[in-house]
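1. With the sequence up front, the predicted model follows.
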Amino acid sequence: MPELRLYYDALYRAYGPQHWWPGRTRFEVIVGAILTQSTSWSNVEQALRALRREKLLSPGALERISTPRLAGLIRSSGYFQQKADKLKAFVHFLRKEYGGSLDKLFAVPTRELREQLMSVRGIGPETADSILLYAGKHAVFVVDAYTRRILERHQLADGKQSYEQIQELFEQNLAASVAMFNEYHALIVHTGKHFCRKSGARCEECALRPFLPRSEEVRG
DNA sequence: TGCCAGGCCGGGT
DNA sequence: ACCCGGCATGGC
């Protein structure tokens, strides 16, 4: 499916580099990946600011803080009790398996590391892949709800494919590249969130109508 | 005012 | 192997 490359080129020409992931360190990227599950980034940013203010953006600090206090600090990111448990589970995993070292963590081969990350409570396929790509610079394609909608719109998927099947579609039809996979996923999210909403009403001027998620177009 | 956001888990079929 | 309810705040 060579069109997958054409989509990328069109999106990149239209919107340019998205400068993802907006995290200052690898660890902050990982924390953001967990906090942004089904949550808008603006809510996550508030939580990250609170954690930074409290000097908690390190594995050791997150292990030492109590779960209830952690939950209170990340309240703005929603699902805050679950997410506090998830952050705790990750830093525990990191220390037990890798002595708290992200260098050691990301030195593990991609497939093996993906399995390990997904075995951690609260880390599913998308979060694992976001961590691998945006924090670890491993060349994996991140799939999300927008990705599915766009493929369905172009009739390259019908809603029955698994996460991994969608991922393979991209990975087997694109040359593996951390930089390009990074931009591609970011551009897909950008088109989904930025256009064709009631408040935005920019559908008519959008040169990339075919790339918009179907539901967004209908609403807009 | 409701709807939804860069998902995941656990229990039930 | 799927399907679904629960989890929760903040912005428009």
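-> Thanks, I have the structure now.
2. Look up how far residue A:170 lies from residue A:129.
-> Using Cβ to Cβ, to the nearest Å, one gets 11 Å for the distance from residue A:129 to residue A:170. Using the backbone N, CA and C atoms, a C-beta is placed for each residue, glycine as well.
3. Output the lowest mean pLDDT helix or strand found in chain A.
-> helix A:214-219 (a mean of 38; mean pLDDT, DSSP states H and E).
4. Between residue A:129 and residue A:170, tell me which one has more neighbours.
-> For residue A:129 against residue A:170, the residue with the higher neighbour count under other Cβ atoms under 10 Å is residue A:129, and the figures read 26 against 22.
5. quick one: the residue in chain A that DNA strand B sits nearest to from residue A:142, how far?
-> The shortest separation between chain A and DNA strand B is 2.4 Å, found at residue A:124 (distances taken as Cβ to the nearest atom of the strand). Using Cβ to Cβ, residue A:124 is found at 12 Å from residue A:142.
6. Give me the contacts around the helix or strand residue A:50 falls within.
-> For residue A:50, the host element (DSSP states H and E) is helix A:41-53. Outside of helix A:41-53, the residues that reach it under the criterion Cβ atoms under 8 Å, 6 or more residues apart in numbering are A:22-23, A:28, A:31-32, A:35-36, A:57, A:73-78.
7. do that again at 10 Å, thanks
-> Contacts made with helix A:41-53 from outside it, assessed by Cβ atoms under 10 Å, 6 or more residues apart in numbering, are listed as A:22-24, A:28, A:31-37, A:39, A:56-58, A:61-62, A:65, A:70, A:72-78, A:80, A:83, A:87, A:189, A:193.
8. In helices, which of these fall?
-> Among the contacts of helix A:41-53, the subset assigned to helices under DSSP state H consists of A:28, A:31-35, A:61-62, A:70, A:72-73, A:80, A:83, A:87, A:189, A:193.
9. among those residues, who's most crowded?
-> Each of these was scored by neighbours using other Cβ under 10 Å; the highest score is residue A:31's, at 30 neighbours.
10. What does the pLDDT read for that residue?
-> Here, the pLDDT recorded for residue A:31 equals 98.
11. Next, count neighbours for residue A:19.
-> Summarising burial for residue A:19: neighbours were counted as other Cβ under 10 Å, giving 9.
12. I figured residue A:184 hits residue A:142, correct?
-> Yes - the pair residue A:184 and residue A:142 passes the contact test of Cβ atoms under 10 Å, sitting 8.6 Å apart.
13. Looking at the spatially most central residue of chain A now. What's its pLDDT?
-> Nearest to the geometric centre of chain A sits residue A:130, at 4.3 Å (Cα atoms, centre = their mean). pLDDT, residue A:130: 98.
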